[in-house]
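J.: Need a 3D model of the sequence below.
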Amino acid sequence: MVLCMYEISIIELQLSPKIELRIFVFSGTLFAYNFIKYNSLFLNKFKGSKPASKGVLILSCLSLISSGYFFIFLNSQEQVVVIIASFLFCLYIMPLYQKKINLRNIEGLKIHIVALCWTLVSFILPLINSFDIFNLSIWIFILQRYLWIILAILPFEIFDSQTDSLKLGTIPQSLGVSKTKLLGVLLGLIIILLSFLNSLIFWFAYLLMVVLYVYFLCTTSIHQSSYRNLFWVEAVPFFGLLVLYLC
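T.: From the prediction side, this is the model:
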């Protein structure tokens, strides 16, 4: 999902792709996701775990080695963006000082930390070498990407609301499921409006993705299979990228 967002940024901003960045984004995201999802297994060194879990450990270690190796080939500006995103990732998962709390557990902050990290990796990272802080259109694109990621996370927030601690203060916990779905529709409309600043091809790609996101969001429930979001919602940027390639 993150790699597809990165590829959309390359096409959207008419940038020259770098294979080192592509591999880094894929392997780095894979390690980060696995470490967050299976951090208890990592901390316990996978003792007594099933063979499949040990396969996750091996894959994660290979991803970490790969991302570390290709990090060397990034220039200083790209490395700074990666370091900032990695710092946020560490604060997201690791306890702060002696308190057993991290950014993920601060009420209402979880979704924004994830959206910020994904925006840094999928948009700022490929753009950083030509970033113009005074270019208003760039900031509009950043806002669009941030809102896009928030919309993509909402179906997961609704599904996880059955197991998330009430202290997290997630959007479904704060607004309720119905209002969260309404918020997602509103975010989708804003994303489509912002896409008018680009070409018709990009507008169609974003329209397709927003329609899919809104559909999965509005039909999401706490009783569905977890694979529904993990496969179909994660695959939405792939369909948007496919439209851009075909057009």
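J.: For Val210, which non-adjacent residue is spatially closest?
T.: Gly188 (4.1 Å; Cβ to Cβ, 6 or more residues apart in numbering). For glycine as for every other residue, the C-beta is placed from the backbone atoms N, C-alpha and C.
J.: How about Leu175?
T.: Leu183 (6.6 Å).
J.: That neighbour contacts Ile171, doesn't it?
T.: Yes. Taking contacts as Cβ atoms under 8 Å, Leu183 lies within contact range of Ile171: 6.9 Å.
J.: follow-up on the earlier one: just to check, the residue nearest to Val210 is in contact with Leu212?
T.: No. Checked against Cβ under 8 Å, the pair Gly188 and Leu212 is beyond contact range at 9.9 Å.
J.: more neighbours, the two?
T.: Gly188 (22 against 18; other Cβ atoms under 10 Å).
J.: so what does the one helix or strand that one maps to touch, helix or strand wise?
T.: Taking DSSP states H and E as the definition, one finds Gly188 inside helix 177-195. Using 3 or more Cβ pairs under 8 Å, 6 or more residues apart in numbering; DSSP states H and E, the elements in contact with helix 177-195 are helix 136-160, helix 171-175, helix 200-218.
J.: Touching the helix or strand harbouring Val82 from outside, list them.
T.: Per DSSP H and E, Val82 falls inside helix 76-93. Helix 76-93 has contacts (Cβ atoms under 8 Å, 6 or more residues apart in numbering) with 21, 24, 28, 32, 35-36, 39, 71, 74, 102-104, 113-114, 116-117, 120-121, 124-125, 128-129.
J.: Stretch 189-197 too?
T.: With Cβ under 8 Å, 6+ apart as the criterion, stretch 189-197 contacts 137, 140-141, 143-144, 147-148, 151, 202-203, 206-207, 210.
J.: Please pick the buried ones from these.
T.: In those, burial by neighbour count holds for Phe141, Gln144, Leu147, Trp148, Leu151, Phe202, Trp203, Tyr206, Leu207, Val210, counting by 16 or more other Cβ atoms under 10 Å.
J.: TSV for those, including pLDDT and distance to Glu12?
T.: Rendered in TSV, the data for the buried ones among the contacts of stretch 189-197 read as follows (pLDDT from 0 to 100; distance: Cβ to Cβ, whole Å):
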residue	pLDDT	distance to Glu12
Phe141	90	7
Gln144	94	10
Leu147	96	15
Trp148	95	12
Leu151	96	17
Phe202	87	6
Trp203	88	11
Tyr206	94	10
Leu207	94	14
Val210	96	15
